[in-house]
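Visitor: Return atomic coordinates for the entry below.
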Amino acid sequence: MKLQLLHEYFGYTSFREGQQGAVDALLSGKDVLAVMPTGAGKSICYQLPALMMNGISIVISPLISLMKDQVESLRQSGIPAAFINSTMNLEEYHIVMQGARHGEYKLIYVAPERLLTESFLRFAVNNEISMITVDEAHCVSQWGQDFRQSYLDISKFVKMLPVRPVIGAFTATATKQVRQDIINFLDLDEPTEITTGFDRKNLYFGVKTPKDKSKELLSLLKKYIGRSGIIYCLSRKLVEQVCDELCNAGLSATRYHAGLSSEERAANQEDFLYDRSNIMVATNAFGMGIDKSNVSFVIHYNMPKDIESYYQEAGRAGRDGEPAECILFYSGRDVRTNQFLIEQSRENADAQDTALIESLIAKSKERLKSMTFYCTAVECQRNYMLRYFGENPAPFCGNCSGCLGNTEKKDITIEAMKIISCVYRGHQNGYHLSRTKTAQVLTGSTQKAIIEMRLDKLSTYGIMSDYSVTDVVQMIDSMIASGDLGTKIFKEYSELVITSGSAAVIRKEKRVEMRVSKKEKIDNAYENVSAEEEELFQRLRKLREKLAMKEHVPPYVVFSNAALRDMCRRKPQNIQELMSVSGVGMMRSQKYGREFVDEIQKFLKRKM
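Guide: Just a heads-up that it's a prediction; the model follows:
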């Protein structure tokens with residue numbers, strides 16, 4: 001029965017890792033905590049049981065975009081579903097609630113803020129709720145990267161129901177501490193715990209340290225022409241700047257950040273989802289729960305504040321299982337900006353529980369340090385990330401910039417000694433040197449401020465004149481990340497300080513290495529696709545776009561890129577053969593199958 005429904009409604013003939021265990025546990029009445037990476041098929045774990053249970057399943061989701069996407073996709077598959085959120089007017093709300101009371105839906109998606117409202121609570125208490133699913137469950141934990149106060153209301157809501165339903169909690173990122181918080185705060189009853197592993201083998205992870213991020217970005221985007229991707233920036237101002245640069249370069253880009261009106265955000269998001277704009281430039285306000293399957297690349301213009309955020313944001317690439325690339329542009333400035341934002345959170349927080357605030361800030365700083373280590377590590381990026389999440393991966397993944405030789409180790413021990421000496425001499429002479437001032441002294445800068453401060457009289461002045469200021473700053477950043485230098489706040493800026501690691505370097509007890517970028521060409525993920533398959537893919541893609549416009553849905557809701565690629569490989573000649581394509585299913589084959597089979601047949605006849 002399970003496999004029949006899986007094929008009929010979702011188009012798959014077998015379960016992915018972890019899915020069957022979650023489905024079986026929920027159907028047997030056991031609570032579930034599942035940690036599964038983006039693209040691993042979490043939604044099927046609760047959507048399939050919802051079909052097989054009596055009554056209604058409630059899916060608690062933090063973002064409007066996720067609800068709309070998933071409900072639309074369920075309806076396309078023939079599964080009755082609805083959502084309740086702040087975008088609805090009163091009439092729309094009453095229509096959905098009336099349908100829910102009459103048993104018209106198997107799944108209802110709802111924002112956590114709605115749970116304890118009088119009308120929704122009255123509906124839930126008086127109807128059969130068979131299952132509650134908590135999506136993005138890490139939001140319940142104050143130790144997680146996306147804590148939301150409203151998630152603490154979920155357990156209160158459950159206790160108000162006359163019969164406790166089975167509960168499934170799902171997330172893509174959760175450390176051991178966060179997993180325990182999910183169990184405690186949601187009152188999960190001896191849950192079946194499923195962790196499928198965090199590795200997304202179809203994703204390439206790369207770190208670059210460009211001197212000019214703007215030039216590097218435009219160069220990188222040349223290989224992604226016609227593909228869908230996201231560029232994350234740390235601030236609204238940068239989003240505007242980068243988006244303007246891309247549009248001026250003739251690229252199809254739009255933008256998303258909290259400073260835009262809700263109408264513009266919605267319109268820009270729709271343009272991206274419907275492939276009218278290929279590139280979305282955004283702050284981290286965009287993306288959590290976006291179910292767009294054909295994102296081929298995610299570029300971080302700035303380093304995020306922690307590995308959890310980076311993994312989640314980068315994981316929006318390649319959700320359809322196709323090869324995709326995740327590139328991070330790193331600079332020391334990003335570290336300092338994130339440090340500033342963490343400190344600002346102290347001022348913005350409720351001062352009633354200062355001990356809790358300080359512990360959360362300390363935790364944020366630790367996570368930032370781990371993120372910095374990821375960016376400056378000289379080994380496999382995937383290995384570092386997976387170890388952070390508690391796994392024991394192979395030391396070589398073969399699909400990251402560390403493994404593929406796009407970066408290389410450089411011994412900078414001699415340079416590090418000179419930098420440490422400069423900081424030490426500065427302290428001896430009463431100076432509080434920043435990164436930039438230290439680099440300017442070492443490279444022999446003749447800037448007016450250097451001369452006026454008599455920094456040109458230091459014995460270390462000009463001893464690294466064969467390097468640029470930018471080169472030396474990058475070395476300093478790498479040394480800070482490895483603990484060979486430290487920083488502290490002096491007045492309103494960050495000054496360099498000596499550490500125990502500095503002493504070990506000076507005593508020649510420790511080598512200093514940093515990772516530097518090579519002039520590399522990252523392999524195009526689709527270069528191994530034959531010209532014939534690519535031609536057919538583009539024809540099917542245009543057909544999908546036409547049908548999507550007719551249905552007023554995003555193209556990937558019709559068929560994912562992975563399904564189109566599988567059609568190109570199998571070249572089905574009839575509806576029965578089309579049903580064997582991964583991700584098609586009965587409803588979609590009945591609705592769209594004839595057009596796609598006809599297009600494939602036309603293509604093959606033209607080739608004869």
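
Visitor: quick one: contacts for the residue positioned nearest the centre of the chain?
Guide: Nearest residue to the geometric centre of the chain (C-alpha atoms, centre = their mean): residue 313, 1.2 Å. Applying C-beta atoms under 8 Å, 6 or more residues apart in numbering to residue 313 gives the contacts 230, 232, 284, 287, 298, 300, 304. From N, CA and C alone the C-beta is placed, and that goes for glycine too.

Visitor: any idea how far residue 208 is from it?
Guide: 16 Å (C-beta to C-beta, to the nearest Å).

Visitor: what do you get for residue 51?
Guide: Taking C-beta to C-beta, one finds residue 51 at 45 Å from residue 208.

Visitor: circling back: which element, helix or strand, includes the residue nearest to the centre of the chain?
Guide: helix 307-314 (DSSP states H and E).

Visitor: Residue 421 versus the closest residue to residue 562 other than its chain neighbours, what's the distance?
Guide: Leaving aside its chain neighbours, residue 562 sits nearest to residue 320 (3.8 Å; criterion: C-beta to C-beta, 6 or more residues apart in numbering). Residue 320 sits 53 Å away from residue 421, going by C-beta to C-beta.

Visitor: same check, this time on residue 298
Guide: Counting by C-beta to C-beta - residue 298 and residue 421 are separated by 41 Å.

Visitor: which residues of the stretch 351-500 of the chain fall in helices?
Guide: Along the stretch 351-500 of the chain, the segments classed as helices by DSSP state H, counting those that start in this stretch run 354-376, 381-388, 413-428, 435-443, 448-452, 469-481, 500-506.

Visitor: Walking through the stretch 201-350 of the chain, point out its strands one by one.
Guide: Along the stretch 201-350 of the chain, the stretches classed as strands by DSSP state E, counting those that start in this stretch are 203-208, 228-232, 253-256, 279-282, 295-300, 324-329.

Visitor: Let's have those in CSV, adding mean pLDDT.
Guide: Converted to CSV, the strands of the stretch 201-350 of the chain look like this (pLDDT from 0 to 100):
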stretch, mean pLDDT
strand 203-208, 93
strand 228-232, 95
strand 253-256, 95
strand 279-282, 96
strand 295-300, 95
strand 324-329, 95
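
Visitor: Of these, which is nearest residue 135?
Guide: Nearest to residue 135 among those is strand 295-300; the distance by C-beta to C-beta comes to 19.0 Å.

Visitor: So which elements touch that closest one?
Guide: strand 228-232, helix 307-314, strand 324-329 (3 or more C-beta pairs under 8 Å, 6 or more residues apart in numbering; DSSP states H and E).

Visitor: 10 Å - rerun?
Guide: Counting contacts by 3 or more C-beta pairs under 10 Å, 6 or more residues apart in numbering; DSSP states H and E, strand 295-300 packs against strand 203-208, helix 213-221, strand 228-232, strand 279-282, helix 307-314, strand 324-329.

Visitor: In PDB, list the C-alpha atoms belonging to it.
Guide: Output of strand 295-300 as PDB, limited to C-alpha atoms (Å, rounded to 0.1, in the frame of the first residue of the first chain):
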ATOM      1  CA  VAL A 295      18.500  25.900  -8.300                       C
ATOM      2  CA  SER A 296      21.900  25.000  -9.900                       C
ATOM      3  CA  PHE A 297      24.200  27.300  -7.800                       C
ATOM      4  CA  VAL A 298      24.300  29.200  -4.500                       C
ATOM      5  CA  ILE A 299      27.000  31.800  -4.100                       C
ATOM      6  CA  HIS A 300      27.700  33.400  -0.700                       C
END
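
Visitor: Taking their axis directions, that strand and strand 324-329 sit at what angle?
Guide: 10 degrees (axes from the mean of the first three to the mean of the last three C-alpha atoms, to 10 degrees).

Visitor: just to revisit the earlier point, neighbour count winner among residue 320 and residue 421?
Guide: Comparing residue 320 with residue 421 by other C-beta atoms under 10 Å, the one with more neighbours is residue 320, at 23 against 17.

Visitor: Next, the contact list for residue 292, please.
Guide: Contact analysis of residue 292 by C-beta atoms under 10 Å, 6 or more residues apart in numbering lists 65, 69, 228, 230, 269, 272-275, 280, 316-317, 319-320, 554-557, 560.

Visitor: First-to-last residue distance for stretch 216-231?
Guide: 13 Å (C-alpha to C-alpha, to the nearest Å).

Visitor: again with stretch 212-230
Guide: End-to-end distance of stretch 212-230: 19 Å, with C-alpha to C-alpha as the criterion.

Visitor: Centre of the chain to it, how far?
Guide: Averaging C-alpha positions (C-alpha atoms, centre = their mean, to the nearest Å) puts stretch 212-230 18 Å from its chain's average.

Visitor: what do you get for stretch 429-436?
Guide: Here stretch 429-436 is found 38 Å from its chain centre; the criterion is C-alpha atoms, centre = their mean.

Visitor: Tell me the confidence at the residue nearest to the centre of the chain?
Guide: pLDDT for residue 313: 89.

Visitor: Please tell me how far it sits from residue 414.
Guide: Between residue 313 and residue 414 the distance is 38 Å, computed by C-beta to C-beta.

Visitor: ditto for residue 123
Guide: Counting by C-beta to C-beta, the gap from residue 123 to residue 414 is 71 Å.

Visitor: With neighbour numbers in mind, choose between those two.
Guide: Taking other C-beta under 10 Å, residue 123 and residue 414 do not tie; residue 123 has more neighbours (19 against 10).

Visitor: Tell me if I am right that the more buried one is in a strand.
Guide: No - applying DSSP: H, G, I helix; E, B strand; the rest coil, one finds residue 123 to be helix, outside a strand.

Visitor: what sits against it?
Guide: 56, 84, 96, 97, 98, 100, 101, 108, 117, 129.

Visitor: at 7 Å what do you get?
Guide: 97, 100, 101 (C-beta atoms under 7 Å, 6 or more residues apart in numbering).

Visitor: ok, it to residue 430 distance?
Guide: In this view, residue 123 and residue 430 are 70 Å apart by C-beta to C-beta.

Visitor: cool, and residue 214?
Guide: 39 Å.
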